Each structure stands twice: as structure tokens, then as C-alpha cells.
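Asks: sequence plus the predicted model coming up.
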Amino acid sequence: MAAETSSQYVAYTLYKVDPAWRRLPVEEREAGKEALAEVVAVWQERMDLRTYSLVGVRPEVDFMFWKLTERYDDLRELAVDVNASPIAGYLETPYSYLATTKPSQYFEDKSKSPRRVIPRGAPYLVVYPFVKKREWYALPIGDRRRAMTEHAAVGSRFVTITNHTTYSVGIDDQEFMTAFECEAPADFLQLMMTLRETEASRYTERDTPIFVGTAQELPEILDSLDGASARVESA
């Protein structure tokens, strides 16, 4: 089917598994895991769908889907298929974010086609919603461009980190979604400590909650949710 737009829709859905699921019989849990993994495998043939574990990192989420598609309805249709799986009755989505690509008004010619988000497959993905203060938009465009040029120059020094910023204005509660692929979470910490000293950072209104996901295939993530992948054998 032809794409409806040249832009990409970029979505992040974060899931939490109800503890009651862990009390189900092993066979029932295995069937639920296999069914969900099959849904994801089918959709990975249709769109760029990547899975990340947050087990042991944040108490309110267990895993995350990073979804990229040119067809908006893919997001809904994927959710329908997930909801049809047996494990869906034990899944909650505490957070879900939507954004799209477009040319930057600071670095790109507006006549160009929207840039594409091309994941490089780094082992970690740091994601958070971002909102700027209203005072930022009262600045002359030249001042904003200068501040953002400085901001980008600082970020470019961190060669192990890839920034994927997308736009949410009008389609979700935040202004931007920022995603950073990195080799280690500590690398991203150093980047943020450096960026907060730039002029542009003075105009940050909100940049939380922050999620640090570890790239893993979904079957491996699901096995970690009920201890099937535990390395320590019970006595």
C-alpha cells in the first residue's frame, strides 16, 4: 500500500505487566508470550518495530516498543493485534508518545523533504518528552538559530550518541520527542551534563520522564518478566 505521507510517524509505547500474570500456570504464560512474540514478528515485517527492556530500571514500566512508519493507521492496527493476544489482559500502558518527522527550522531548508529517523541499532535507547518555555519562541529566529547551533555543536562531540528528535506539536501533549541511541547510559549522562550549560537549555520547561531501554528481542524480554531467563537456579 502506498504511504500516505512522506513523513514518518514515530511512536513509543511503554508497557507494564500486571503481577497477577506471574501467578498464572507456566503453560498459560508461555502461550501468552509466544502469541505476543508472533504478533511483533509479523509486524516487524511491515514496519520498523524495535523492542527494549526496562526491567529493573523503572518500577512503572517493563518494556517499550519503538515504532516508525509512514502509515499512521499502522499504529492502531498493531495495537489491535496486540490487544487480541492472551497476555493483553495483563498489560497496561502507563506511557505512550506520538511524534512525526519534519525539517528543522534551525538547520534545514524548509523546502526539503522531512528527514528520516534511521535507527543504527545501538544497545541502549534513552527516550523522553520535551517542552520548551514560551519565552524561547519570543526570541528572534537568529538568536534561536545561534543557540541551537551551539547546542548541536556540543552534542556532536559525543560520537557514540545518535540523536533522533521528532515533533509532537498538535498531535500529543509534549512539543518534541527526543530519543538518543547510545553505547552506554553513562555516556548519555555525560552528554546531558554538558548540554545543560548551553544557552538553549535555559529555555527547557520539561524533559521528564526519562526512560533508558536496553535493546532486546521480545521473547528474551518476556522471559525476563516471569523469571524464565533467570540465571540462578532455585534450590
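Replies: Looks like it arrived, so ask away. Predicted, not measured: the structure shown is a model, and the values here were computed from it.

Asks: tell me the buried residues in the helix or strand of the chain with the lowest mean pLDDT?
Replies: None of the helices or strands of the chain scores lower by mean pLDDT, DSSP states H and E than helix 141-156, at a mean of 93. The neighbour-count check on helix 141-156 (16 or more other C-beta atoms under 10 Å) flags 144, 147, 148, 151, 152, 154, 155 as buried. Using the backbone N, CA and C atoms, a C-beta is placed for each residue, glycine as well.

Asks: go on, stretch 179-194?
Replies: Buried-residue list, stretch 179-194, by 16+ other C-beta under 10 Å: 179, 180, 181, 182, 187, 188, 191.

Asks: can I get that stretch in CSV, CA atoms only?
Replies: The C-alpha trace of stretch 179-194 is given here as CSV (Å, rounded to 0.1, in the frame of the first residue of the first chain):
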residue,chain,number,x,y,z
ALA,A,179,15.5,9.7,21.5
PHE,A,180,19.2,9.0,21.8
GLU,A,181,20.8,5.8,20.8
CYS,A,182,24.0,5.2,22.9
GLU,A,183,26.6,2.6,23.7
ALA,A,184,26.2,3.1,27.5
PRO,A,185,23.8,5.0,29.7
ALA,A,186,26.7,6.7,31.4
ASP,A,187,27.7,8.2,28.0
PHE,A,188,24.3,9.9,27.9
LEU,A,189,24.7,11.2,31.4
GLN,A,190,27.9,13.0,30.4
LEU,A,191,26.1,14.5,27.3
MET,A,192,23.3,15.9,29.4
MET,A,193,25.6,17.3,32.0
THR,A,194,27.4,19.2,29.2
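
Asks: with residue 182 as the reference, measure out to residue 55.
Replies: 19 Å (C-beta to C-beta, to the nearest Å).

Asks: and if you look at residue 67?
Replies: 20 Å.

Asks: now do residue 159
Replies: 11 Å.

Asks: which residues in the protein form helices?
Replies: 26-43, 73-83, 134-138, 141-156, 185-195, 218-225 (DSSP state H).

Asks: just the CA atoms of the fourth one, as CSV, please.
Replies: In this case it means helix 141-156. Output in CSV follows, covering the C-alpha atoms of helix 141-156 (Å, rounded to 0.1, in the frame of the first residue of the first chain):
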residue,chain,number,x,y,z
ILE,A,141,14.9,33.5,14.9
GLY,A,142,18.5,34.5,14.5
ASP,A,143,19.1,34.2,18.3
ARG,A,144,17.3,30.8,18.4
ARG,A,145,19.4,29.6,15.5
ARG,A,146,22.6,30.7,17.1
ALA,A,147,21.7,29.0,20.4
MET,A,148,20.7,25.8,18.7
THR,A,149,23.9,25.8,16.6
GLU,A,150,25.9,25.9,19.9
HIS,A,151,23.7,23.2,21.3
ALA,A,152,24.2,20.9,18.3
ALA,A,153,27.9,21.6,18.2
VAL,A,154,28.2,20.4,21.8
GLY,A,155,26.2,17.3,21.1
SER,A,156,28.2,16.4,18.0
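
Asks: perfect, that will be all.
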